[in-house]
Structures are given as structure tokens and as C-alpha cells.
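1. here is a sequence with its predicted model. Questions after.
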Amino acid sequence: MRKGKEDNITEILKLIAPGTPIRDGLENILRAKTGALLLITDNSQVLKEVVDRRIYH
């Protein structure tokens with residue numbers, strides 16, 4: 001079971017590695033000093049609900 005968890009962490013780290021679009025976006029947010037809400041999901045309904053302010057927690 002531990003190997004599966006480590007595989008998940010490795011995949012996440014690959015997404016935020018230097019040179020990736022997500023990393024570039026994070027660096028832009030930090031440089032702008034404005035803050036941001038990052039929502040990463042493959043569920044478009046969740047995204048719609050957050051954008052429409054239906055989720056408050």
C-alpha cells in the first residue's frame with residue numbers, strides 16, 4: 001500500500017516541477033504578490049460549483 005502512496009506523491013511532484021505550466025503559474029502568483037485560489041480537479045461539476053460560489057467550505 002505504501003508504494004501506491006509514494007507513486008501518487010511522485011505524480012504530484014511531476015506536475016509542479018520547474019518548467020511545467022502549473023509551476024509557471026505558481027511562480028507568477030508569487031511574483032504578483034496577490035494570492036490566488038488554485039482548484040485542480042478533473043470534475044467539471046466541482047469546478048462549476050466553486051465558480052458559482054455554491055461551495056463554502
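-> Arrived safely, thanks for sending.
2. so which residues of the protein form helices?
-> Remark: helices assigned in the chain by DSSP state H are 2-15, 21-32, 44-51.
3. quick one: residues contacting the residue nearest the centre of the chain.
-> Centroid-nearest residue in the chain: I40, 4.1 Å away (criterion: C-alpha atoms, centre = their mean). For I40, the contacting residues are I22, by C-beta atoms under 8 Å, 6 or more residues apart in numbering. Where C-beta positions appear, they are placed from N, C-alpha and C, glycine not excepted.
4. equivalent analysis for G25, please.
-> By C-beta under 8 Å, 6+ apart, the neighbours of G25 are L38.
5. the residue nearest to the centre of the chain and G4, how far apart?
-> 20 Å (C-beta to C-beta, to the nearest Å).
6. what does T20 give?
-> Separation of T20 from G4 (C-beta to C-beta): 23 Å.
7. who's more crowded, those two?
-> T20 (12 against 8; other C-beta atoms under 10 Å).
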